[in-house]
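**Q** need a structure here:
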Amino acid sequence: MQQQIFYFTAQVAEKFNTTATTVYRWSEALEKEGYKFVRDDRDQRAYRDIDVEAIARLIELKDGLRMRVETAARKVVEEFADRVEVNLELLGKRQTEVVLPDTPEQFMKMLQGITSAYHEVVAMNEKLAEELQETKIEMQVIRKQLTALPEASNQLEKKLEAMVSTEKLSNDVRDFVRTSQFNLRLLELEVTKELRKQAMDEWGRLPESERYTKSFFSRRENMEKRQDFINRYVDDRLPEEMKKRLYT
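**A** The predicted structure is shown next:
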């Protein structure tokens, strides 16, 4: 009987000329649709030839037919259902869900509807501009206080909360302040995500002797060391990157 061959994530990424992070994202999309990967004793995915074929099909649908990753993953699971183990209950549930537009034309039509609704909201909130002018100076002062994270971010949160609780502010202004808080958190998550991707790319450029651990029988990527590398990379750059985004 022919021995089953397994690949590391880094090896799969190399096959498709991409990063390990991207392979993780594709694999998670497949799993969310019911696809089941083999796991090793450390609960890491061990990719078989059939898994590499499934990922190749996902890329083909995503790039060739311009499908969203989620939609392409769903299609792959349907096509491979009789060749690999899948969660049939989850697959059936996913098939009944609403699928977002796959083609540029459908997306543009949806976007036009969103844009129309947006303009209606803008028209109903013209009066908000007058009320926002009263808080403009105070908001600018708060923004200048954001000189470092996370301390300055926490101070900003407290200041915004104080503004929300002020009885003099209208409901629209309170909503604006809450939106500012939410947007700040979104920005921090976005910057963190970008930095993590950069960290993964930098990690991939390190010599294999620094990234892998060797035993008598195998060679594995040092996941603990990689996570520590990513965390330090993000922590070292997050404050400065946030200041750049907020002040430019």
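**Q** okay, now the domains of this protein?
**A** 9-101, 128-247 (automatic domain parsing).
**Q** max-length helix in the chain?
**A** helix 171-205 (DSSP state H).
**Q** picking that back up, mean pLDDT lowest where, among the domains of the chain?
**A** Here the domains of the chain differ in mean pLDDT, and the lowest is domain 128-247 at a mean of 72.
**Q** all helices of this structure, in order?
**A** 9-15, 20-32, 49-59, 69-80, 88-95, 104-124, 128-144, 151-165, 171-205, 208-211, 223-247.
**Q** helices or strands next to the fourth one in the packing?
**A** Right, helix 69-80. helix 20-32, helix 49-59, helix 88-95 (3 or more C-beta pairs under 8 Å, 6 or more residues apart in numbering; DSSP states H and E). In short, each C-beta sits where N, CA and C put it, glycine included.
**Q** residues touching the residue nearest to F37 when sequence neighbours are not counted, list them.
**A** Spatial nearest neighbour of F37, chain neighbours left out: R45 (4.5 Å); criterion: C-beta to C-beta, 6 or more residues apart in numbering. By C-beta atoms under 8 Å, 6 or more residues apart in numbering, the contact set of R45 is T9, S27, F37, V38, R39, D51.
**Q** return the member of the residues you listed nearest to Q198.
**A** Q198 lies nearest to T9 out of the contacts of R45, by C-beta to C-beta, at 18.0 Å.
**Q** for the nearest residue to the closest one once chain neighbours are set aside, the count of nearby residues, please.
**A** Excluding the flanking residues, the one nearest T9 by C-beta to C-beta, 6+ apart is A20, at 4.8 Å. When neighbours are counted by other C-beta atoms under 10 Å, A20 registers 20.
**Q** check E105 too.
**A** Neighbours around E105, by other C-beta under 10 Å: 9.
**Q** check K197 too.
**A** K197 has 14 nearby residues by other C-beta under 10 Å.
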